[in-house]
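S.K.: What follows is a protein structure lacking sequence information:
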């Protein structure tokens, strides 16, 4: 009976941590969307807010890591239960890095706007990759919330599309720069934004891989999964 | 007596894991140095080897994560002991990412060489940041091996120098590109290499922060430490 009771408490405490991780996920998702919006309209106050919000995300990372450690020490989970905590610890790290990348986008948006670059033409270049990655991150958090292995597999395939899109953007920006060297500086800024978005896609993929690790009990990192349709 | 016996076994098993993590650290250190050398001399076979070695590093990440989980389940460490395992799990993630960045440098070196760009002039641009980051990574692994909090603090300060150096390289490369737009493509390749090096510096800093977390029992991530001299 004590074992069962303890296991129920473990489940409850784990769910409380997972809820807070999802809250953190919502925070970085908002950061990312607001950063893209800053880049689009050149809103300096909004850019400052994205960068300020990063502080709260960082604090959440530290306190959630701590909560995971406490849970392990107090409840001493069995191998199967521990797997979820381990995956959660890894997800927390990825979420924090997403917050960092969103801050970088906001900083670049602010810098472009302050130098009087309107940003509208530049935003067109990253519009598709921005929307695609935003959806991918949303789905990754959804897969983590519902521990949906099938959805997680689709995210891994989706990240390959993002990577391909990034390479296309890179080629296009090189062409712009060669045609008009005066655009080099602002084209590079756009490239950094595209790179930050591509990295957010990588983190969404990492989260998806941890979901599969929890659901299927196998570690698919660094293996090439066969994506199935339907 | 059983408690003491169990604790000794825990220490031994933890040390065995830490030894393997240091082995992994040595592997990524070698990968990074060889990648820089490929960039310098344009050795395609060596670049291929760096990329192939990444597979072994990735496998080591998965198996070491697994070993950490097993240790926690089997030995059920107290809070203080768990801290070292948690930090080790985080260090493993950073080492794997360093391997990724080294592979990217090797891939770019290969691409530059195959396009007939000699690379010597480009190497001069990243020589200092490459050497500085290589030293920083070495010191970070050393601090992790000896759990030396003082050395770890110096690494955090050292990473700021690397970041500053990266921004100088970026400004210089923009000037080159504007003066001669034909260099844009190869200058961007050099920029990606510099960026990968700068990221390796970030990972070395992360490792240093985990060392301080173990040694001093405080989490200094996201705080601005006051670096002391002497």
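M.R.: Yep, it's here. Note that this is a predicted model, so its numbers are computed, not measured.
S.K.: Local confidence estimate at residue A:1?
M.R.: Residue A:1 is assigned 41 on the pLDDT scale.
S.K.: Could you do residue A:120 as well?
M.R.: pLDDT, read off for residue A:120, is 55.
S.K.: and stretch A:114-131, anywhere near chain B?
M.R.: No - residues of stretch A:114-131 are not located near chain B by C-beta under 8 Å from any C-beta of the partner chain, the shortest gap being 13.1 Å. Where you see a C-beta, it was placed from the backbone N, CA and C, and this is true even at glycine.
S.K.: May I see the buried residues of that stretch?
M.R.: By neighbour count on 16 or more other C-beta atoms under 10 Å in any protein chain shown, the buried set for stretch A:114-131 is A:117, A:119, A:122, A:123, A:125, A:126, A:129, A:130.
S.K.: Centre of the chain to it, how far?
M.R.: The chain centroid and the centroid of stretch A:114-131 are separated by 20 Å under C-alpha atoms, centre = their mean, to the nearest Å.
S.K.: Pull the residues that contact that stretch.
M.R.: The contact list for stretch A:114-131, computed with C-beta atoms under 8 Å, 6 or more residues apart in numbering or on different chains, reads A:36, A:39-42, A:44, A:109, A:112-113, A:162, A:165-166, A:169, A:172-173, A:186-187, A:189-190, A:193-194, A:197-198.
S.K.: out of those, which touch chain B?
M.R.: Residues of the contacts of stretch A:114-131 in contact with chain B (C-beta under 8 Å from any C-beta): none.
S.K.: could you flag which of those residues are buried?
M.R.: A:36, A:39-40, A:42, A:109, A:112-113, A:162, A:165-166, A:169, A:173, A:186-187, A:189-190, A:193-194, A:197-198.
S.K.: tell me the mean pLDDT over stretch A:22-31?
M.R.: Mean pLDDT, computed over stretch A:22-31, is 97.
S.K.: So for it, what gets flagged as buried?
M.R.: Applying 16+ other C-beta under 10 Å to stretch A:22-31 flags A:22, A:24, A:25, A:27, A:28, A:29, A:31 as buried.
S.K.: and if you look at stretch A:163-182?
M.R.: Those would be A:165, A:166, A:169, A:170, A:173, A:174, A:176, A:177, A:178, A:181, for stretch A:163-182 by 16+ other C-beta under 10 Å.
S.K.: Among the residues you listed, which are located in helices?
M.R.: A:165, A:166, A:169, A:170, A:173, A:174, A:176, A:177, A:178 (DSSP state H).
S.K.: Does anything pack onto the worst-scoring helix or strand of chain A on mean pLDDT? Which helices or strands?
M.R.: Lowest on mean pLDDT, DSSP states H and E among the helices and strands of chain A sits helix A:2-41, with a mean of 89. Under the contact criterion of 3 or more C-beta pairs under 8 Å, 6 or more residues apart in numbering or on different chains; DSSP states H and E, helix A:2-41 touches helix A:44-75, helix A:79-114, helix A:120-146, helix A:184-216.
S.K.: Between these, which one is closest to residue B:50.
M.R.: Relative to residue B:50, the nearest member of these by C-beta to C-beta is helix A:184-216, separated by 20.0 Å.
S.K.: could you give the mean pLDDT of that closest one?
M.R.: Helix A:184-216 carries an average pLDDT of 95.
S.K.: Quick one: list the elements packing against that helix.
M.R.: If contacts are counted by 3+ C-beta pairs under 8 Å, 6+ apart, helix A:184-216 sits against helix A:2-41, helix A:79-114, helix A:120-146, helix A:149-179, helix B:149-179.
S.K.: what's the angle from that helix to helix A:79-114?
M.R.: Orientation note: helix A:184-216 sits at an angle of 170 degrees relative to helix A:79-114 (axes from the mean of the first three to the mean of the last three C-alpha atoms, to 10 degrees).
S.K.: surely residue A:44 meets residue A:113?
M.R.: Yes - the pair residue A:44 / residue A:113 is scored as a contact, 5.9 Å apart, by C-beta atoms under 8 Å.
S.K.: before we move on, the earlier item: okay, the helices and strands packed on helix A:2-41 in TSV with distance to residue B:157 next?
M.R.: Converted to TSV, the helices and strands packed on helix A:2-41 look like this (distance: least, C-beta to C-beta, whole Å):
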stretch	distance to residue B:157
helix A:44-75	20
helix A:79-114	20
helix A:120-146	34
helix A:184-216	25
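S.K.: so which of those helices gets nearest residue A:9?
M.R.: Here helix A:44-75 is closest among the helices and strands packed on helix A:2-41 (C-beta to C-beta), at 6.9 Å.
S.K.: next one: the closest one to chain centre, how far?
M.R.: That offset, for helix A:44-75, works out to 14 Å (C-alpha atoms, centre = their mean).
S.K.: Buried residues in it, which are they?
M.R.: Within helix A:44-75, judged by 16+ other C-beta under 10 Å, the buried ones are A:46-47, A:49-51, A:53-54, A:57-58, A:60-62, A:64-65, A:67-69, A:71-73, A:75.
S.K.: Taking helix B:44-75 as reference, get the angle to that helix.
M.R.: Note on geometry: by the same axes, to 10 degrees, helix A:44-75 and helix B:44-75 are set 50 degrees apart in direction.
S.K.: For helix A:44-75, the averaged confidence score.
M.R.: 93.
S.K.: now the angle from it to helix A:2-41?
M.R.: Using the same axes, to 10 degrees: helix A:44-75 against helix A:2-41 is 170 degrees.
S.K.: Mind giving me the packing neighbours of helix A:44-75?
M.R.: Against helix A:44-75 (3+ C-beta pairs under 8 Å, 6+ apart) you get helix A:2-41, helix A:79-114, helix B:79-114.
S.K.: Can you list the neighbours in contact with stretch A:171-183?
M.R.: Contacts of stretch A:171-183 (C-beta under 8 Å, 6+ apart): A:125, A:184, A:187, A:190-191, A:194, B:177-178, B:181-182, B:184-185, B:188.
S.K.: let me redo that: stretch A:32-49
M.R.: For stretch A:32-49, using C-beta under 8 Å, 6+ apart, the contacting residues are A:50, A:98, A:101-103, A:105-110, A:112-114, A:118-120, A:122-123, A:126, A:130, A:133-134, A:137, A:193, A:197, A:200.
S.K.: change it to 7 Å
M.R.: When contacts are defined by C-beta atoms under 7 Å, 6 or more residues apart in numbering or on different chains, stretch A:32-49 is touched by residues A:50, A:98, A:102, A:105-106, A:109-110, A:113, A:118-119, A:123, A:130, A:134, A:137, A:193, A:200.
S.K.: for stretch A:137-152, same thing?
M.R.: A:22, A:25, A:29, A:32, A:91, A:155, A:200, A:204, A:207-208, A:211-212, A:214-216.
S.K.: let's go with 8 Å and repeat that
M.R.: Residues from elsewhere that reach stretch A:137-152 (C-beta under 8 Å, 6+ apart): A:18, A:21-22, A:25-26, A:28-29, A:32, A:91, A:98, A:154-155, A:158, A:200-201, A:203-205, A:207-212, A:214-216.
S.K.: Buried among these? Make that a PyMOL selection.
M.R.: In PyMOL syntax, the buried subset of those is picked out as below (16+ other C-beta under 10 Å):
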select buried, chain A and resi 18+21+22+25+28+29+32+91+98+154+155+158+200+201+203+204+205+207+208+209+210+211+212+214+215
